[in-house]
Every structure is written in structure tokens, then in C-alpha cells.
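J.: okay, structure incoming, though there's no sequence with it:
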């Protein structure tokens, strides 16, 4: 991909956004300017780009991930043919010294400089399919209802343990739980309908559901993470992204703790993988045998369950890559060893 001549940094806020432009070697050529973060104001920003002679083929724009606040602008710029990168705020922050002034104009300049310095590492943003966006929204809505359900259950248990009972308050929580349960069923049915109506997603869902311990929610979260990535992920990258892949953390001769997973990442899919690992540990003979064998060796139970979660994730990637349902009892063979075995066999003959 041809390197752009102009780098536009965009700092997103809820009501406004600020844009600045620089070139390589890094220098600011257009001072920051503020625009309203509204659909009606986007043509004014486009006119500003055109007035400053920043054509799509020679320009890349970069903004920090700001959720729904930057979504509309991202779709607009993509429709106009501009290349856009959406980077995590932490990556941009770590590229600069942790001191100095902080304001929207300063942030927009830093984002533009970041895009200029790390152009070869930027991942260009592309809009998700409409059905994928709908599924993501439904999953987020479902998690909000689950959180409300837990809150009502805890409150109801507390009320039921009081010496002086209040029937009306308890009944309100009971009715709320019934309504939430109904909403959850409706959301899950709609998720399944959206997936089934898309041939690609429907096929992928069928493959994932063939894996032991994988249900509708885990398979759906996997599809959303897999297809929402702005580049093709492999198993190791996904495991690290979810926070279930232990990494070495050592320094010199004094710091040598055990390898550990990072303690942040998407919590929903990580929790579902943990529940799946608990399920197959109990109900699947191969995983149960693996768990008992490792436990007998003195491995901590949480470490074993994390290993099982990694195995499940690896199998999920395998069925997607191979387009083949899970085969019970399947054992993979390293091609190098298979080639050696065939060579020895041919010599023996």
C-alpha cells in the first residue's frame, strides 16, 4: 500500500472533534480546527479536507477508539473513500512522554504524529456487515440485562433474609426477574435468526456448535470477535487478546515470577470459555482425563481449566479454518513426523 503524503489526527469528543494535519518528516502543516460531531457538520469537515488539498488517495486519517462517539464519522469518511485507522488510546498514549499539556488540539496533533510515525503498523478501519453490528448490539444488550438480573437476585435474597419481610418489595423483584428472563429469550432467538439468515454466519455457527462445550453465546461471541477484527487473527493472537494466554514476565536476576495471563481483555467471551472448560472437564471423557492427569501431577486447577479453555479456542479456530466439524478422538499429526514415517516405511519396503 502506497505511503500517504498527509496524516490527519482526529480527537473525538461527544459534541465536537478536532483535526490537525502533518507530513513526513514530522511537522505540523495545518493547525488544529474544531468541528461539531454531528451528521450535518460532516460535509463541512469534508470541505475542509478538500480546501486544504487533502485527497483520499494521498491522505490517511487516524482517530482513537471512542465507541459510538466516533462511529458516525468513521462511516462517513469511509463512504467518501478516505483511509481511516482507529487505534486504541493506550497505544497512542504510550508513544509520547507522560507529561506536558493536554487538550483537544494537542491530542489531535499527537494522533497525527502517531499516524505518521507508525504508518506501517496502522490497521485501516472497515465497516462491519450490518448483521454483525446488529448481533454485537444484541450481545451488549443481553449483558446489560444479565447484570440487572444479578442485581435483582442479590436484592431479593437480602430482602428474604430480613426479619421484617416486605412482600411488595419482594414481588417487584420477582416480577422484574421474570420480565428480564423473557427479554433474554427474545434476544437469543433474534441472534439465532440473524445468524441463520446469513449463509456465511450460519455455516460458521454450525461448525462451532459441533465443538464440545460450545453453545450459542460462546459461538456468537467468537464470530463477532473473529469478523470484527480489522485483520485476520490467528489462535495465539486471539488467546492473548482474550487474556487467557500466559506470558513470561521477568527482568534481570531478581524478577522471575511464573508466566501469567494479562488481567484485562473482553470479559464476556473469557467468562464463557471458562464455563465451557468447566463443562467439558465434567462431561467430556478426553478433557476429564486430561484434567485428572494434570491434577495428579500437582497442577493448580485454575491453570488446568485455563489450558482447557486454550484447547477449546484452538479447536474453534481449527474447525473454522478447515471448514470441517469437530471430529471426536481426532489426533493431529505434525507433517514433519508424517514425512519421516513415510520415508522410513519406503526404505523398509
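T.: That came through fine. In this text the structure is predicted, and so the values were computed from the model without any measurement. Numbers count the residues shown, from 1 in each chain.

J.: so who does the residue positioned nearest the centre of the chain touch?
T.: Central residue of the chain (CA atoms, centre = their mean): residue 225, 4.8 Å from the mean position. For residue 225, the contacting residues are 233, 238, 241, 266, 269, by CB atoms under 8 Å, 6 or more residues apart in numbering. For every residue, glycine as well, the C-beta is placed using N, CA and C.

J.: any idea which helix or strand comes after the helix or strand it falls within?
T.: The secondary structure element spanning residue 225 is helix 216-228 (assigned by DSSP states H and E). Tracing the chain past helix 216-228, the next element assigned as helix or strand by DSSP H and E is helix 235-242.

J.: nearest to residue 276 among the contacts of residue 225?
T.: Nearest to residue 276 out of these is residue 269 (CB to CB; 10.1 Å).

J.: okay, now the closest one: neighbour count?
T.: Counted with other CB atoms under 10 Å, residues neighbouring residue 269 total 23.

J.: now it: closest residue in space that isn't a chain neighbour?
T.: Residue nearest to residue 269 in three dimensions, not counting chain neighbours: residue 221, with 4.1 Å by CB to CB, 6 or more residues apart in numbering.

J.: do the same with residue 21
T.: Among residues not flanking residue 21 along the chain, residue 30 sits closest, at 3.8 Å (CB to CB, 6+ apart).

J.: so how far is stretch 26-42 from its chain's centroid?
T.: The chain centre lies 29 Å from the centre of stretch 26-42; the measure is CA atoms, centre = their mean, to the nearest Å.

J.: how about stretch 82-94?
T.: Relative to its parent chain, stretch 82-94 has a centroid offset of 15 Å by CA atoms, centre = their mean.

J.: how about stretch 207-222?
T.: Its chain's C-alpha centre and that of stretch 207-222 lie 16 Å apart, by CA atoms, centre = their mean.

J.: show me what the helix or strand hosting residue 192 is packed up against.
T.: Element membership of residue 192, judged by DSSP H and E, is helix 167-196. Here helix 167-196 touches helix 130-160, helix 199-209, helix 216-228, going by 3 or more CB pairs under 8 Å, 6 or more residues apart in numbering; DSSP states H and E.

J.: helices or strands next to the first one in the packing?
T.: Meaning helix 130-160. The helices and strands touching helix 130-160, judged by 3+ CB pairs under 8 Å, 6+ apart, are helix 167-196, helix 216-228.

J.: quick one: the residue lying closest to residue 210 once chain neighbours are set aside from residue 200, how far?
T.: Excluding its sequence neighbours, the residue lying closest to residue 210 (CB to CB, 6+ apart) is residue 325, at 3.9 Å. Distance, residue 325 to residue 200, by CB to CB, to the nearest Å: 16 Å.

J.: got it, and residue 321?
T.: Remark: distance between residue 321 and residue 200 (CB to CB) = 14 Å.

J.: swap in residue 117?
T.: The gap separating residue 117 from residue 200 is 37 Å, by CB to CB.
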